[in-house]
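J.: model the following, please.
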Amino acid sequence: MTNPLSGIITPEFKQTFDNAIDALLEDTGITVPCRMIYSGGKKTTCPNCEIDAINGCSAHIYKSGGPIPFTTGSPCPTCNGVGFIYTEASDSFYMAVLWNELRAKFINLGIKLDDKTIYAQSICAIEKHPMIIKAQSAVLNTNLEGYGMQRYERESDPTPFTFGYKTYIVTLWRRAK
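T.: Coordinates of the predicted model:
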């Protein structure tokens, strides 16, 4: 018996697959803005408070034009009275993200998932691989950053997947503690 589906996987079919995945991964597709955060941040003077020249920490006085006004004598809400903040080195780009609640729809990477851990899975172009590998943690939707803990750490290395001609990567993340 001849296979009735024989010959349907043509170069055009593979190109259609790539076009469909590319459309999903466009900035206006099903993606969200994400930020990869690297180690080695820079120590910078707090932009919100005056610095005591003698001890080098906050003088507990609001600096005019600072982002968050506060009462003189109380700790600066930006640096907690330390006088400096660390700025993180990072890169931002869009990825498709599947959240913990949709675990049944995760692409199976052969990793046993812990029922008590919050996971997410991302899909993006393989060109993002160096940034994902280098990242110490990630914010998987910067639009939600102000709503609780949104940092994730890689649970596994990015796994390539392909069907057409292009290669994409899938990465499993767990919520940072």
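J.: what about the residue lying closest to residue 84 once chain neighbours are set aside, neighbour count?
T.: Using C-beta to C-beta, 6 or more residues apart in numbering and skipping residues adjacent in sequence, the residue nearest residue 84 is residue 43, 5.3 Å away. Using the backbone N, CA and C atoms, a C-beta is placed for each residue, glycine as well. The number of residues packed near residue 43 is 9, by other C-beta atoms under 10 Å.
J.: and residue 148, by the same measure?
T.: Residue 148 has 6 nearby residues by other C-beta under 10 Å.
J.: SS state for it?
T.: Under DSSP: H, G, I helix; E, B strand; the rest coil, residue 148 falls in the coil class.
J.: quick one: it and residue 139, what's the gap?
T.: 12 Å (C-beta to C-beta, to the nearest Å).
J.: same deal with residue 150?
T.: Applying C-beta to C-beta to residue 150 and residue 139 gives a distance of 5 Å.
J.: cool, residue 96 as well?
T.: For residue 96 relative to residue 139 (C-beta to C-beta), the value is 15 Å.
J.: check residue 80 too.
T.: From residue 80 to residue 139 the distance is 21 Å (C-beta to C-beta).
J.: the more surrounded of those two?
T.: Per other C-beta under 10 Å, whichever of residue 80 and residue 139 has more neighbours is residue 139, with 21 against 11.
J.: look up which residues are beta-bridged to the more buried one.
T.: Beta-bridge pairing for residue 139 (DSSP bridges): residue 35, residue 151.
J.: that one: what's it in contact with?
T.: Counting by C-beta atoms under 8 Å, 6 or more residues apart in numbering, residue 139 makes contact with 34, 35, 37, 145, 150, 151, 152.
J.: run the last query once more with 7 Å
T.: 34, 35, 145, 150, 151 (C-beta atoms under 7 Å, 6 or more residues apart in numbering).
J.: quick check, nearest of these to residue 67?
T.: Distances from residue 67 to these, taken as C-beta to C-beta, are shortest for residue 145 (15.5 Å).
J.: what pLDDT does the nearest residue to that closest one once chain neighbours are set aside get?
T.: Excluding the flanking residues, the one nearest residue 145 by C-beta to C-beta, 6+ apart is residue 139, at 5.7 Å. At residue 139, the model reports a pLDDT of 94.
J.: thanks again, I'm all set now.
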